[in-house]
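[1] Quick one, structure for this:
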Amino acid sequence: MRKIKGDPSRVLLALTNGALQVFNIDRKRIEFQTEAGHAETVFDLEFCPSNKDLIGSCSYDGTIRVWEASSMKLVQINDTLKNTPLSKEEKHIIYSLSWHPMESKIALVGNHGYIMIFDCLKNKLITSLQPSGHTPSYKVDWNQLDSNFILMGSQSGKVFVMDLFDPKSLRVCSFNEIGSEVYGVCWNPAIRDEYLVGSLNGSVYLFNMNKGGGKPEKVFTGHEKRVFNVVFNQ
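    Numbering: from 1, shown residues only. Got it, this is the predicted structure:
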């Protein structure tokens with residue numbers, strides 16, 4: 001589920017049959033829904049920040065699909081098992097996606113530990129990196145204040161800050177060792193260098209790229225079990 005920025009009455013839902021749905025909370029009704037597009041469960045979806053009429057979704061079926069919100073028509077299918085480092089794999093589960101703040105590019109992560117960047121309107125892989133081997137990654141977040149930085153969490157217990165100063169080449173800028181599987185990561189939409197991390201041990205960590213020497217500035221406790229996602233209030 002994703003809230004729609006600037007519209008507190010509506011949320012965007014991903015359904016287990018691969019369809020997308022817009023639900024009006026105030027009126028308690030479905031406003032529109034696509035036919036099942038993905039072949040399997042949709043794990044994440046997000047509006048394009050530079051074009052609010054585009055929605056990206058990712059799935060167990062290994063594809064990123066781009067939809068036109070006004071008509072709910074399918075615009076493009078990006079297949080991560082074709083012409084990528086995973087071409088010889090039978091399955092690629094994509095758990096998370098994040099849009100570039102100004103362009104039609106999407107970063108994605110999944111069960112093989114790769115972060116990939118696609119030109120999602122052309123089904124074209126731009127670059128990829130596997131910073132922690134085949135360890136799955138469950139969440140990725142593109143910095144909306146500085147498009148050179150992408151955040152990636154790993155089941156290995158590490159959080160990677162990737163930089164994209166060369167548009168066609170990813171590299172690890174820094175990483176933090178949590179010591180517990182990482183599930184949720186999120187950049188602060190108001191402070192460029194600040195981000196949150198949610199982990200298996202139930203804690204939420206607040207980091208700053210330029211402070212703390214790799215140690216969290218704050219640690220929030222209270223959850224009894226794993227934290228699946230984190231988000232800043234906008």
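
[2] Work out which residue lies at the spatial centre of the chain.
    L97 (3.0 Å; Cα atoms, centre = their mean).

[3] Would you check that that one makes contact with S59?
    No - the pair L97 / S59 is not scored as a contact, 10.0 Å apart, by Cβ atoms under 8 Å. All C-beta spots, glycine's among them, are computed from the backbone N, C-alpha and C.

[4] A strand includes the residue nearest to the centre of the chain, no?
    Yes - according to DSSP: H, G, I helix; E, B strand; the rest coil, L97 belongs to a strand.

[5] Now do it against P49, distance only.
    Look at L97 and P49: by Cβ to Cβ, to the nearest Å, they are 13 Å apart.

[6] how about H223, what does it touch?
    G202, S203, V204 (Cβ atoms under 8 Å, 6 or more residues apart in numbering).

[7] let's see 6 Å
    G202 (Cβ atoms under 6 Å, 6 or more residues apart in numbering).

[8] what's around G110, how many residues?
    Neighbour count for G110, taken as other Cβ atoms under 10 Å: 26.

[9] What of the one 10 residues further on?
    Residue neighbour count, defined by other Cβ under 10 Å, stands at 27 for C120.

[10] Not counting its neighbours along the chain, what's nearest F149?
    Nearest non-adjacent residue to F149, counting by Cβ to Cβ, 6 or more residues apart in numbering: N143, 4.1 Å away.

[11] per-residue confidence at that neighbour?
    With respect to pLDDT, N143 has a value of 97.

[12] ok, now V22?
    The score at V22 is 74. That number is its pLDDT.

[13] Could you do the one 4 residues further on as well?
    In this prediction, D26 carries a pLDDT score of 78.

[14] looking at it, it is touching S9, isn't it?
    Yes - if you go by Cβ atoms under 6 Å, D26 and S9 touch, sitting 4.6 Å apart.

[15] which of those two has more neighbours?
    Comparing D26 with S9 by other Cβ under 10 Å, the one with more neighbours is S9, at 12 against 8.

[16] Assign the more buried one to helix, strand or coil.
    Going by three-state DSSP: S9 is strand.

[17] quick one: contacts for it?
    Going by Cβ under 6 Å, 6+ apart, S9 touches N24, I25, D26.
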